[in-house]
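Colleague: Need coordinates for the below:
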Amino acid sequence: MSRGAAITIRSDLRPGDLGRIIALHGTAYEAERGHFGLPFEAHVARTVAEFVLDNGARGRVFLVERGTDLVGCAAIVERRGPAGVSGQLRWVLADPSVRGRGLGKKLVSMAIDHARAAGWREVFLETTDGLDASMSIYKALEFEIAAETTESLWRGDMTVIRMRLALG
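Modeller: The predicted structure is shown next:
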């Protein structure tokens with residue numbers, strides 16, 4: 001890893017970026033949480049593929065790089081429904097080596113700014129319990145919990161937290 005290199009954020013997707021997002025999720029969560037495993041990485045791969053194949057890549061992906069290494073990411077994905085267009089916040093992650101610098105909050109703020117500029121009515125997200133740093137970012141940016149359910153996910157039954165932020 002190029003630890004001494006400057007940290008930059010870009011939002012233009014290039015060949016290989018989708019695989020890098022998937023790999024970052026697989027390695028960062030396994031190193032930190034130790035129990036998400038390959039089923040979680042496969043779940044991320046499916047959602048990343050759906051972003052391009054089913055959604056036409058409508059939205060914006062933010063990539064945090066240190067030199068040539070991907071060390072963080074987030075995305076805002078366009079979702080159309082009967083009530084209008086919303087944005088779904090996805091793949092928010094900062095590698096443990098760059099945490100504590102405000103990158104997570106900056107990425108989420110950039111995603112919200114994109115949704116506002118696009119005229120979307122709200123931003124929503126799904127997360128799981130136990131991700132306290134992420135929850136503190138969402139709460140600081142005034143997301144509200146809309147629902148909590150127990151669902152069978154990549155490591156068995158987990159609490160899924162749905163949050164929303166009205167933009168308008």
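
Colleague: Endpoints of stretch 30-38, how far apart?
Modeller: Start-to-end span of stretch 30-38 (CA to CA, to the nearest Å) is 9 Å.

Colleague: again, but for stretch 136-149
Modeller: 19 Å.

Colleague: Can you get me the centre-to-centre distance for it and its chain?
Modeller: For stretch 136-149, the distance from its own C-alpha centre to the chain's C-alpha centre is 14 Å (CA atoms, centre = their mean, to the nearest Å).

Colleague: So for it, mean pLDDT?
Modeller: Mean pLDDT, computed over stretch 136-149, is 94.

Colleague: tell me which residues in it are buried?
Modeller: Residues of stretch 136-149 classed as buried by neighbour count (16 or more other CB atoms under 10 Å): Ile137, Tyr138, Leu141, Phe143. Quick note: C-beta positions are derived from backbone N, CA and C, even for glycine.

Colleague: Name the nearest of these relative to Pro82.
Modeller: Nearest to Pro82 among those: Phe143, at 22.3 Å, using CB to CB.

Colleague: Where does the prediction get shaky in this protein?
Modeller: Across the chain, the ranges flagged by pLDDT under 70 are 1-3, 32-35, 154-156.

Colleague: What pairs with the strand of greatest length in it, parallel or antiparallel?
Modeller: In terms of residue count, the longest strand belonging to the chain (DSSP state E) is strand 69-81. Paired with strand 69-81 in the same sheet, following DSSP bridges, are strand 59-66 (antiparallel), strand 84-94 (antiparallel).

Colleague: For the helix or strand containing Glu41, buried residues please.
Modeller: Taking DSSP states H and E as the criterion, Glu41 maps to helix 37-53. Buried residues in helix 37-53, counted by 16+ other CB under 10 Å: Phe40, Glu41, Val44, Ala45, Thr47, Val48, Phe51.

Colleague: what does stretch 88-96 give?
Modeller: Gln88, Leu89, Arg90, Trp91, Val92, Leu93, Ala94, Asp95.
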